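Undergrad: The sequence isn't on hand, but the structure is:
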């Protein structure tokens, strides 16, 4: 047995490709609701660095993208009072922003984008202003959507009770 530490514990260096311009400046401004009155109705901008702008070419025709970002202010986040999480459910059973590596992943609708300016206007991104963006990938319904996916009962009950009048274990599009 060698004393050499495993490669998986080596730090990884990430360089943002741009940042998010959002009306949300603090976690308490982000509505917890989904749908009409919630964060999914909000539009925001992703502003790529000039060297990455042209890499948006070919995104035409995709209605949605997956945005991967660094939750740079995760330490400020507080658990909502009506969180509904049972005590036995630990971090990796949740989408809480405070994580060992605060990486956010959101599938969002693309309203417009420009390979000249590097600006994408998107709908449904629940990230704070100035959040660093790490990557953008096209959303592929054939691979990224699992209509029959299930969630635990506690989550279904919580969503029905607090958030989604029409929640039946899946999102309505």
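TA: Thanks, I have the structure now. Since this is a predicted model, take the numbers as computed values, not measurements. Numbers count the residues shown, from 1 in each chain.
Undergrad: Ramachandran angles for the spatially most central residue of the chain?
TA: Per CA atoms, centre = their mean, the C-alpha nearest to the average position across the chain is that of residue 106, at 2.9 Å. In terms of degrees, to the nearest 10, the main-chain angles of residue 106 are phi -140, psi 140.
Undergrad: wait, doesn't it sit right on residue 64?
TA: No. Residue 106 is beyond contact range of residue 64, at 10.0 Å (criterion: CB atoms under 8 Å). For the C-beta atoms, the positions are set from N, CA and C on the backbone; glycine is no exception.
Undergrad: Pull out the buried positions in stretch 10-17.
TA: Under the neighbour-count criterion of 16 or more other CB atoms under 10 Å, stretch 10-17 has 16-17 buried.
Undergrad: gap between it and the chain center?
TA: Using CA atoms, centre = their mean, to the nearest Å, the distance from the centre of stretch 10-17 to the centre of the chain it belongs to is 18 Å.
Undergrad: residues of the helix of greatest length in the chain that come out buried?
TA: In the chain, taking DSSP state H as the definition, the longest helix is helix 153-158. Buried residues in helix 153-158, counted by 16+ other CB under 10 Å: 155-156, 158.
Undergrad: which among those residues gets closest to residue 82?
TA: residue 158 (8.1 Å; CB to CB).
Undergrad: Could you grab the helix/strand/coil label for residue 61?
TA: Secondary structure of residue 61, reduced to three states by DSSP: H, G, I helix; E, B strand; the rest coil: coil.
Undergrad: Look at it and report its pLDDT.
TA: Looking at residue 61, its pLDDT stands at 97.
Undergrad: Pull the contacting residues for it.
TA: Applying CB atoms under 8 Å, 6 or more residues apart in numbering, we find residue 61 in contact with no residue.
Undergrad: Tell me the spacing between it and residue 46.
TA: 18 Å (CB to CB, to the nearest Å).
Undergrad: Report the contact partners of the closest residue to residue 91 other than its chain neighbours.
TA: Nearest non-adjacent residue to residue 91, counting by CB to CB, 6 or more residues apart in numbering: residue 99, 6.5 Å away. The neighbours of residue 99, taking CB under 8 Å, 6+ apart as the test, are 71, 74, 91.
Undergrad: Looking at the first one now. What's its pLDDT?
TA: Just to be clear, that refers to residue 71. At residue 71, pLDDT is 95.
Undergrad: Confirm for me that it is in contact with residue 105.
TA: No. With contact defined as CB under 8 Å, residue 71 does not reach residue 105; the gap is 10.3 Å.
Undergrad: So which of those two has more stuff around it?
TA: Taking neighbours as other CB atoms under 10 Å, residue 71 and residue 105 compare with residue 71 leading, 21 against 12.
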